[in-house]
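*Asks:* okay, predicted coordinates and the sequence, questions at the end:
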Amino acid sequence: MKKIVILLFAFIGTTVSFAQKARINNADKKYDHYAYIDAIKVYEKVAEKGYKSANLFENLGNAYYFNGELDKAEKWYGELFALNQTIEPIYYFRYSQALKSVGQYDKADQMLATFYKKTNDPAAGELLNNPDYAKKLREDSGRFKVENSGTNTKYSDYGPAFYNNEVVFASARDTGGVFHRKHRWTNQYFTKLYAAQISDDGYLAPAQKFSESIDTRFHEATPVFTKDGTTMYFTRNNYNDGKKGKSSDRIVKLKIYKAVLSDGKWDNVTEMPFNSNNYSTAHPALSPDEKTLYFSSDMPGSLGNSDIYKVAINSDGTYGKPENLGKTINTSGRETFPFVSQKNELYFASDGHLGIGGLDIFKSKILKDGYSTPENLGSPLNSPKDDFALIMDTEKQMGYFSSNRDGGQGSDDIYKVKEFRCEQLLKGMITDKESGLPLATAKVSLFDATMKPMSSVQTDSGGLYRFETIDCDKTYYVRAENDGYQTREVSVMIPAKTGETIVNIELEKKAIPIEPGIDLAKVLDIEIIYFDLDKWNIRPDAEVELQKVITVLKEHPTITLDIRSHTDSRQTHAYNERLSDRRAKSTLEYMVKHGIDRNRLTAKGYGETQLVNRCSDGVPCSEAEHQQNRRSEFIVIKM
């Protein structure tokens, strides 16, 4: 492809906010006649008093992180890491993003490196410049089978497009005629469009010229057709109606033209309104609904030598303003030859993203609000040479692409490719944790292993969501959000076989109504107030939990509370009753000491008289089962 892609951009000159914002309800908001507790607000007040726990700092960091306030998240994630405790890998990633927001890039890189080390994600190679990245891509994954298409010549053949049961492509071959012009840079004939029939096994028959009415004395290349076969967009040098245009520096640039099929002849060739004499536009591609045209250009505002753009095709035949696809897709190098599959996947060639060599072919899923991280499709589709212009029939999992790899017949050849794709359906239900009822219209977002957004959907009336065609043998993160609920995110490892994976997520309410009989321990996620063996003095870790309750009582001065302490059945009834009573009263005294009126509190120990499971005297139980009975309750008596 040294002859044509160097040509093609120029052609005759050269050949996606990370965090999804969660809506945090105001703590003072009221529903009907109930008061509500914003747990995050409570946690922050507790933390500001100097109390520390991993759960406390995780909740605070996440609250700001999911709300896009990364500078505030950095403070609490910093406190989390300062505890020097075992931390889930995802917090290394979130902390790295938060650190970047306050300019601490060196420390952010350290956290990111640790995240990738802990998650062992293959995408780490690209992001951290892993020297083995290219080696991994060269290993044949068995995902693709690549063969010569059967229609190549010693000349450049490239840029295929589907048209009915044919492939239409550009070729510099000489098929006869009175006068033939050669390009002085390549010593090859100017390219024309050719068509080849697709056989049952996918090989291409000998090609014939596609349309004499389209041919000019310059290059024609890279067509794309509407589904009804009556409209074609294609690339040509700046030449139409016998007139040649040049840029201010006297170069004949590339332009995208449109032709209409009329009475069996391609006619009415018009150029796109976003073309220019001073920059190139080339290699058009259509979205499945044919409402968007993608193309390559080096127009002003491009990030690199050539970028991929899109433009709306309006119902009245006009066109919108070209939009750069952004930094997720485009780099300081070349991004070119876009193609959009039936599954709304963007395929393109790039030498700016890390690859095996030259132009490599990448795939990115088109999302509602951007694009997924481009995936290098690896060997054997990509090679150390230029590989580009892939088109795919995703239903047949078959397509064609161009390459100047070793072993070909010409400078560029067209190869057929068969994909052996392993895909999964990822689905599940989002429910209210307390009631178990499904949550309709909850937002569910899918992220890849590097936390790049891939897709976002809303649950249906039954709380169900689904993500189609998820790649196998990869780690993803699923995030569920709903108004009035705490955002939750879970990781899932997709098996290495075709099938479906179910991930159900329960969401907890951020604001829970306070009414007589409710247990504040459940509201504030206090499972147990820990005491040392046979003792009833308040330990430092218990203070963190008690401060949550104290904060609620101070914010709601009319609440009266009954403190209840329970033990398991190991020890005598009398001993357990005395011990639990002392612990309940010790808890009361602690709360009085920290500003709660004694008249608002009662305390009693119930020993083992109110067991929540079968673990009574003489019944063998696990430690986890016994722990269910060792609990503290803070029951609201009146408001």
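*Replies:* Now that the structure is in, tell me what you want to look at.
*Asks:* now the strands for the stretch 401-550 of the chain?
*Replies:* Here the stretch 401-550 of the chain has its strands, by DSSP state E, counting those that start in this stretch, at 413-419, 423-432, 443-447, 453-458, 464-471, 475-481, 488-493, 499-502, 505-507, 511-514.
*Asks:* show me what the last one is packed up against.
*Replies:* So that's strand 511-514. strand 35-38 (3 or more Cβ pairs under 8 Å, 6 or more residues apart in numbering; DSSP states H and E). C-betas here are computed from N, CA, C, even on glycine.
*Asks:* before we move on, back to that, so which of the strands of the stretch 401-550 of the chain gets nearest Trp76?
*Replies:* Nearest to Trp76 among the strands of the stretch 401-550 of the chain is strand 488-493 (16.4 Å), distances taken as Cβ to Cβ.
*Asks:* in the stretch 501-639 of the chain, where is pLDDT below threshold?
*Replies:* By pLDDT under 70, the low-scoring segments of the stretch 501-639 of the chain are 527, 530-534.
*Asks:* helices of that one, start to end?
*Replies:* Taking DSSP state H, counting those that start in this stretch to define them, one finds helices in the stretch 501-639 of the chain at 520-523, 540-555, 573-593, 623-629.
*Asks:* can you list these in a markdown table and add mean neighbour count and distance to Tyr415?
*Replies:* As requested, the helices of the stretch 501-639 of the chain are exported to a markdown table (neighbours: other Cβ atoms under 10 Å; distance: least, Cβ to Cβ, whole Å):
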| stretch | mean neighbour count | distance to Tyr415 |
| --- | --- | --- |
| helix 520-523 | 20 | 62 |
| helix 540-555 | 20 | 63 |
| helix 573-593 | 18 | 74 |
| helix 623-629 | 14 | 59 |
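*Asks:* nearest to Ala207, out of these?
*Replies:* Judged by Cβ to Cβ, the one of the helices of the stretch 501-639 of the chain that comes nearest to Ala207 is helix 623-629, at 71.5 Å.
*Asks:* show me what the closest one is in contact with.
*Replies:* Residues from elsewhere that reach helix 623-629 (Cβ atoms under 8 Å, 6 or more residues apart in numbering): 528, 566-570, 608, 611-615.
*Asks:* for Ile470, give the beta-bridge partners.
*Replies:* Gln424 (DSSP bridges).
*Asks:* what's the neighbour count on it?
*Replies:* 22 (other Cβ atoms under 10 Å).
*Asks:* ok, now which ones touch it?
*Replies:* The contact partners of Ile470, by Cβ under 8 Å, 6+ apart, come to 423-426, 446, 476, 494, 501.
*Asks:* which of these count as buried?
*Replies:* 423-424, 426, 446, 476, 494, 501 (16 or more other Cβ atoms under 10 Å).
*Asks:* mind listing what's buried along stretch 227-244?
*Replies:* Here stretch 227-244 shows 231-240 as buried, counting by 16+ other Cβ under 10 Å.
*Asks:* which among those residues gets closest to Lys593?
*Replies:* Nearest to Lys593 among these, with distances taken as Cβ to Cβ, is Tyr233, at 77.7 Å.
*Asks:* so which strand or helix has the closest one?
*Replies:* strand 231-237 (DSSP states H and E).
*Asks:* and the contacts of the next helix-or-strand element following that strand?
*Replies:* Next along the chain after strand 231-237, taking DSSP H and E as the criterion, comes strand 239-240. Contact with strand 239-240 is made by 216-218, 245, 252, 255, 257, 269, 271, as judged by Cβ under 8 Å, 6+ apart.
*Asks:* now do stretch 490-508
*Replies:* Contacts of stretch 490-508 (Cβ under 8 Å, 6+ apart): 90, 422-434, 439, 442, 444, 470-478, 480, 482, 485-488.
*Asks:* what's around Val311, how many residues?
*Replies:* Around Val311 there are 20 residues (other Cβ under 10 Å).
*Asks:* need the contacts of helix 623-629 in a markdown table (columns: neighbour count).
*Replies:* A markdown table is the format used below for the contacts of helix 623-629 (neighbours: other Cβ atoms under 10 Å):
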| residue | neighbour count |
| --- | --- |
| Ile528 | 15 |
| His566 | 23 |
| Thr567 | 24 |
| Asp568 | 21 |
| Ser569 | 19 |
| Arg570 | 14 |
| Glu608 | 22 |
| Leu611 | 20 |
| Val612 | 10 |
| Asn613 | 12 |
| Arg614 | 9 |
| Cys615 | 20 |
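*Asks:* what's the most distant pair in the residues you listed?
*Replies:* For the contacts of helix 623-629, the maximum inter-member distance is 19.1 Å, found between Ile528 and Arg614 (Cβ to Cβ).
*Asks:* on that earlier part again, which of the helices of the stretch 501-639 of the chain sits closest to Thr119?
*Replies:* helix 623-629 (28.5 Å).
*Asks:* now do the closest one: distance to the chain's middle.
*Replies:* What separates the centre of helix 623-629 from the centre of its chain is 40 Å, taken as Cα atoms, centre = their mean, to the nearest Å.
*Asks:* distance of the residue sitting nearest the centre point of the chain relative to Tyr400?
*Replies:* Residue closest to the average C-alpha location in the chain (Cα atoms, centre = their mean): Pro453, at 2.1 Å. Pro453 is 31 Å from Tyr400, where distance means Cβ to Cβ, to the nearest Å.
*Asks:* got it, and Glu506?
*Replies:* Noted for Glu506: a distance of 47 Å to Tyr400, by Cβ to Cβ.
*Asks:* comparing the two, which residue is more hemmed in?
*Replies:* The neighbour count for Glu506 versus Tyr400, taken as other Cβ under 10 Å, is higher for Tyr400 (25 against 15).
*Asks:* so where is this protein shaky, pLDDT-wise?
*Replies:* In the chain, residues with pLDDT under 70: 1-39, 67-68, 105, 121-135, 141, 174-189, 357, 527, 530-534.
*Asks:* and with 50 instead?
*Replies:* Where the chain drops to pLDDT under 50, the residues are 1-36, 121-125, 131, 175-187.
*Asks:* dump the buried residues of stretch 227-244 to JSON lines, plus distance to Glu139.
*Replies:* Below are those laid out as JSON lines (distance: Cβ to Cβ, whole Å):
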{"residue": "Thr231", "distance to Glu139": "42"}
{"residue": "Met232", "distance to Glu139": "39"}
{"residue": "Tyr233", "distance to Glu139": "37"}
{"residue": "Phe234", "distance to Glu139": "37"}
{"residue": "Thr235", "distance to Glu139": "35"}
{"residue": "Arg236", "distance to Glu139": "40"}
{"residue": "Asn237", "distance to Glu139": "40"}
{"residue": "Asn238", "distance to Glu139": "43"}
{"residue": "Tyr239", "distance to Glu139": "45"}
{"residue": "Asn240", "distance to Glu139": "47"}
